[in-house]
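S.K.: I'd like to go over a predicted model; first the sequence, then the structure.
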Amino acid sequence: HKPQSGLSGDQGREVRAPVVNRSDLLVGRWGVRFCGRRFPASIGRGGISANKAEGDGATPAGAHRICAVLYRAGRIGRAELPSGGRRIGPQDFWSDDPRDPAYNRPVRAPHRFGHERLFRADPIYDLILITDWNTRPAVPGSGSAIFLHQWRGPGHLTAGCVAFRRDHLIWIARRLRPWTRVLVG
């Protein structure tokens with residue numbers, strides 16, 4: 001395997017590509033493979049990048065973990081989720097401003113730095129699987145809010161996330177394991 005850089009928690013170091021397990025989400029331009037199934041998916045408009053930067057629209061290459069599950073009650077039923085999901089409400093945002101001390105973390109309203117609203121009128125964030133991209137520690141400007149979420153439709157690219165059809169995202173979320181990785185490459 002070819003060495004990859006930009007792996008979560010290892011920014012700046014060369015790390016060998018991981019061995020792929022059945023419980024890993026293997027993400028490519030063609031879609032996602034998980035638990036023996038293939039799913040259509042959308043990635044970032046900037047493609048897949050080993051040098052992710054804030055605002056470049058790229059999906060970061062490497063091995064990432066799902067570190068949290070957020071959902072919008074009333075749109076996603078509790079029975080559709082893995083245990084441990086957290087409800088989001090109108091005050092929930094995600095900091096995407098490199099000047100913010102809380103960069104690439106959830107924040108609450110009011111928030112004076114740049115942020116993304118998690119509680120949206122459209123359904124794309126009804127269920128959010130948060131990755132650990134750029135979290136240990138968060139390096140300002142290296143990209144934020146890399147999620148797995150619902151897509152706008154086939155062929156609609158994201159700002160760097162991986163997006164799925166709603167029923168596929170729920171199917172995936174219910175089968176996540178603590179050792180599941182998101183392998184982008």
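M.R.: Structure received.
S.K.: buried ones in stretch 33-47?
M.R.: Residues 33-34, 39, 41-44, 46 are the ones in stretch 33-47 that count as buried (16 or more other C-beta atoms under 10 Å). (Each C-beta comes from the backbone N, C-alpha and C, glycine too.)
S.K.: Run through who's touching that stretch.
M.R.: By C-beta atoms under 8 Å, 6 or more residues apart in numbering, the residues outside stretch 33-47 that reach it are 22-27, 29, 31-32, 56-59, 151-152, 154-165, 168, 172, 175, 184.
S.K.: Now the two most distant members of the buried residues of stretch 33-47.
M.R.: Put simply, by C-beta to C-beta the two of the buried residues of stretch 33-47 set farthest apart are F34 and G46, 23.1 Å from each other.
S.K.: Any of the contacts of stretch 33-47 buried? List them.
M.R.: Buried subset of those (neighbour count, 16+ other C-beta under 10 Å): 24-27, 31-32, 56-59, 151, 157-165, 168, 172, 184.
S.K.: Filter those residues down to just the ones in strands.
M.R.: Applying DSSP state E to those, the entries found in strands are 25-27, 31-32, 59, 162-164, 184.
S.K.: Between the residues you listed, which sits nearest I146?
M.R.: Of these, the one sitting nearest to I146 (C-beta to C-beta) turns out to be T59, at 7.3 Å.
S.K.: how far away is the closest one from A109?
M.R.: Here T59 is placed at a distance of 28 Å from A109 (C-beta to C-beta, to the nearest Å).
S.K.: what bits of the protein have low per-residue confidence?
M.R.: Applying pLDDT under 70 to the chain flags the ranges 1-18.
S.K.: returning to what we had before: could you dump the ones in strands among the buried ones among the contacts of stretch 33-47 into TSV and include distance to Q91?
M.R.: Below are those laid out as TSV (distance: C-beta to C-beta, whole Å):
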residue	distance to Q91
L25	30
L26	35
V27	31
G31	34
V32	31
T59	28
V162	26
A163	24
F164	26
V184	31
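S.K.: ok, so of those residues, who is nearest S142?
M.R.: Of all these, S142 sits closest to T59, with 13.5 Å by C-beta to C-beta.
S.K.: Give me the distance between the residue positioned nearest the centre of the chain and R22.
M.R.: Centroid-nearest residue in the chain, with C-alpha atoms, centre = their mean: F147, separated by 1.9 Å. Distance from F147 to R22, counting by C-beta to C-beta: 23 Å.
S.K.: And V162, by the same measure?
M.R.: Taking C-beta to C-beta, one finds V162 at 18 Å from R22.
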